[in-house]
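[1] Provide a 3D model corresponding to the input given below.
(one chain, ligands or ions: 1)
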Amino acid sequence: AETRPRVLVVGAGLAGLGAAQRLSSSRAFPNLRLLESTARAGGRVCSQRFGSEVVEMGAHWIHGPSKENPVFQLASDYGLLDEEAMSEENQQIEVGGHPLLPAVFYSNAGRVLSPELVEEVRNLFSTLLDQTREFLHMPQVSVPSVGEYLRKEIAQQVKEWTDDDETKWLKLAILNTYFKLECCVSGTHSMDHVALGPFGEYAMLPGLDCTFPGGYGGLPDCMLTSLPKESVLFHKPVTVVRWGGSYQEESQEGRTFPVQVECEDGERFLADHVIITVPLGFLKEHHETFIDPPLPPRKADAIRQLGFGTNNKIFLEFEQPFWPPDCQLIEVVWEDESPLVEAGTNLQASWFRKLIVFLVLQPPERYGHVLCGFIAGKESEYMETLSDAAVITALTDVIRKLTGNPHLAPPKKVMRSQWHSAPYTRGSYSYVAVGSSGDDIDALAQPLPEDAADPRPLQVLFAGEATHRTFYSTTHGALLSGWREADRLLSLYDTSESHQHKPRL
Ligand code: 6YU
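    Got it, this is the predicted structure:
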């Protein structure tokens, strides 16, 4: 009878695919199954057709594409990147996470803001943001959140501004746009939710962020192809992971398994080990019933405390561009707003004010005139509940204000992501929220049973972007977390192969 370990992987995003790929390349794990709730692999890597082209509903860039980035390496090996992205020069560029694209700032008063003024404010904001990363090893912080720190510093600085009143207000309004932009980066409703102390722990790799010319989805597709076909099951939502048990296969007496995984359709799978890679948003909603016996309090607390917000994309296709030909980024400033004044909370009346950045998809010869807007937070979740027609109406109105052209034609097509409503995701990506720290990320990543001396170790393992302490919220964090858990199993069985897969990050 087969005695080699049986392993299940739950979730076919980059973490699950990475873990499965690494395990299946070892002879020690011929009994590998990957269970995916949806009809496709990739999870939050999700390329979809929009007209004749492919757009990204989820992950957009490789952040920091350079040697140490495993997504960059894998994508290069598969031949999925263009030459410019792979050039040495590109790999060496350090942008600190915020690539600079030629941008135009429009205000709701129908004017284009002076680039000099915008640059002055951007320099101020990025200086302050850099400062927020310096609290990492300090025993105490004066305020709990990144947002409060930034506002406190801004309130100080305003007193020294010598500009006229109108310019002062405009500078504050531009700063407010940067706050909203940062909400998209962190995938949060407000920077007041993002913890100040641990903020500097998120690590950035060198390299100029790049995209996949044929779609990000090419990466999970290639990874999937490398796995034995029968090992991956789609439409298999897992409802319960039971561990610490003694389960027997009806057909095969004698051998017992500590883990039993049950799917929505009632099918059950027995295993020695299960690697759970479901998003933190799914765990927040279901962990009390999803894992049985329930998680130890330290892990359950980590799930509750860590942040998981929403960042969505709205693609708009126009017959004619309203932006200048060389513009790659459109940013929106609401002149009546300021980070020092509490924002309104009427979602229905003002959700669209949170959408402050549009990327112009490049090149137009390929995409036509397509904008990709980003919107984060509660406004983004509210947007998910609206119809396409309502979204078009609201955004046409905004764009008419920005351009001062009340007759501007509405976009001819819209498509958007709805990550908060997605039952197996429930948001976009994780952040370290006020009240949590990198220790919570590590606690979440800790396998079960916790007692390392347990005779049946590593029954339940945890991977996924939210389990990577320094690269959370990214595709490379997800992939590395999958490899990490695969390596944990490989070294348990101490196969000689387990040492061939360096480097480990
Ligand atoms: C990146 C980027 N990017 C935009 C948007 C989103 C994300 N990210 P998965 O969810 O992929 O897989 C889990 C699977 O499990 C899934 O298939 C489920 O269906 C399945 N499942 C769930 N429940 C199940 C069940 N019960 N049974 C069976 N299966 C089940 N990352 O590198 N570049 O440009 C962006 C962006 C709109 C939504 C992104 C980006 C995040 C990545 O997409 C994400 O981390 C990984 O794909 C997750 O992989 P996974 O395997 O873990 O889960 C200082 C500081 C600040 C910190 N943040 C700064 C970084 C900024 C991050 N940037 C993001 C930006 C964009 C635009």
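[2] would you say residue 124 is within a strand?
    No. According to DSSP: H, G, I helix; E, B strand; the rest coil, residue 124 belongs to no strand; its state is helix.
[3] Hmm, residue 260 is touching residue 267, no?
    No. Using C-beta atoms under 8 Å, residue 260 is not in contact with residue 267; the gap is 11.0 Å. Just so you know, the C-beta spots here come from the backbone N, C-alpha and C atoms, and that holds for glycine as well.
[4] Of these two, which one has the most company?
    residue 260 (20 against 12; other C-beta atoms under 10 Å).
[5] ok, that one - contacts?
    When contacts are counted by C-beta atoms under 8 Å, 6 or more residues apart in numbering, residue 260 touches 242, 245, 247, 268, 269, 270, 271.
[6] Backbone dihedrals for it, please?
    Backbone torsions of residue 260, given as degrees, to the nearest 10, read phi -130, psi 130.
[7] How about residue 382?
    Here residue 382 shows phi and psi, under degrees, to the nearest 10, equal to phi -70, psi -40.
[8] Chain neighbours aside, what residue packs nearest to it?
    residue 347 (4.3 Å; C-beta to C-beta, 6 or more residues apart in numbering).
[9] Would you mind listing where the chain has pLDDT under the threshold?
    Counting by pLDDT under 70, the ranges of the chain that qualify are 1, 96-99, 495-505.
[10] before we move on, the earlier item: okay, the contacts of residue 260 in TSV with neighbour count next?
    Listed next are the contacts of residue 260 as TSV, based on neighbours: other C-beta atoms under 10 Å:
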residue	neighbour count
242	19
245	16
247	17
268	12
269	21
270	19
271	24
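[11] wait, which of the residues you listed is closest to the ligand?
    residue 269 (11.4 Å; C-beta to the nearest ligand atom).
[12] picking up where we left off before, next, give me the two most distant ones among the contacts of residue 260.
    The two members of the contacts of residue 260 with the most space between them (C-beta to C-beta) are 245 and 269, at 12.9 Å.
[13] is it possible to export the contacts of residue 260 to TSV including distance to residue 353 and secondary structure?
    What follows is the contacts of residue 260, written out as TSV (distance: C-beta to C-beta, whole Å; DSSP: H, G, I helix; E, B strand; the rest coil):
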residue	distance to residue 353	secondary structure
242	47	strand
245	52	coil
247	53	strand
268	49	strand
269	47	strand
270	52	strand
271	49	strand
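[14] Return only those of those residues found close to the ligand.
    For the ligand, no contacts are drawn from the contacts of residue 260 by C-beta under 6 Å from any ligand atom.
[15] Counting by contacts, list what the longest helix seen in the chain packs against.
    Across the chain, the longest stretch assigned as helix under DSSP state H is helix 165-186. Judged by 3 or more C-beta pairs under 8 Å, 6 or more residues apart in numbering; DSSP states H and E, the packing partners of helix 165-186 are strand 103-107, helix 115-132, helix 146-158, strand 307-309, strand 329-333, strand 357-360, strand 369-376.
[16] Tell me if it is near the ligand.
    Yes. Counting by C-beta under 6 Å from any ligand atom, the ligand has neighbours in helix 165-186: 185, 186.
[17] Taking strand 369-376 as reference, get the angle to that helix.
    90 degrees (axes from the mean of the first three to the mean of the last three C-alpha atoms, to 10 degrees).
[18] how about the residues of the stretch 201-350 of the chain that lie near the ligand?
    202, 237, 238, 277, 278, 279, 282, 311, 313.
[19] and these, which two are the farthest apart?
    Maximum distance among these (C-beta to C-beta): 30.8 Å, for 202 and 237.
[20] neighbour count winner among those two?
    residue 202 (22 against 16).
[21] What distance do you get for the closest residue to the more buried one other than its chain neighbours to residue 355?
    Nearest non-adjacent residue to residue 202, counting by C-beta to C-beta, 6+ apart: residue 470, 6.4 Å away. Per C-beta to C-beta, to the nearest Å, residue 470 is found 30 Å from residue 355.
[22] Between these two, which has more neighbouring residues?
    residue 355 (23 against 14).
[23] Distance check, that one against residue 24.
    Residue 355 is 42 Å from residue 24, by C-beta to C-beta.
[24] how would you label the closest residue to residue 262 other than its chain neighbours: helix, strand or coil?
    Distances taken as C-beta to C-beta, 6+ apart put residue 240 closest to residue 262, at 4.6 Å, once the chain neighbours are dropped. Going by three-state DSSP, the secondary structure assigned to residue 240 is strand.
[25] for the one 10 residues further on, same thing?
    Applying three-state DSSP to residue 250 yields a three-state assignment of coil.
[26] Near it, how many other residues are there?
    5.
[27] ok, now residue 128?
    19.
[28] Pretty sure residue 153 is one of the things it touches, is it not?
    Yes. With contact defined as C-beta under 8 Å, residue 128 reaches residue 153; the gap is 5.2 Å.
[29] returning to what we had before: you'd agree the residue nearest to residue 262 is up against residue 264?
    No. Contact criterion C-beta under 8 Å: residue 240 and residue 264 do not qualify, at 9.9 Å.
[30] the more surrounded of those two?
    Legend: neighbour count by other C-beta under 10 Å for residue 240 and residue 264, higher for residue 240 (15 against 12).
[31] so what's the more buried one up against?
    With C-beta under 8 Å, 6+ apart, residue 240 has these contacts: 261, 262, 289, 290, 291, 292.
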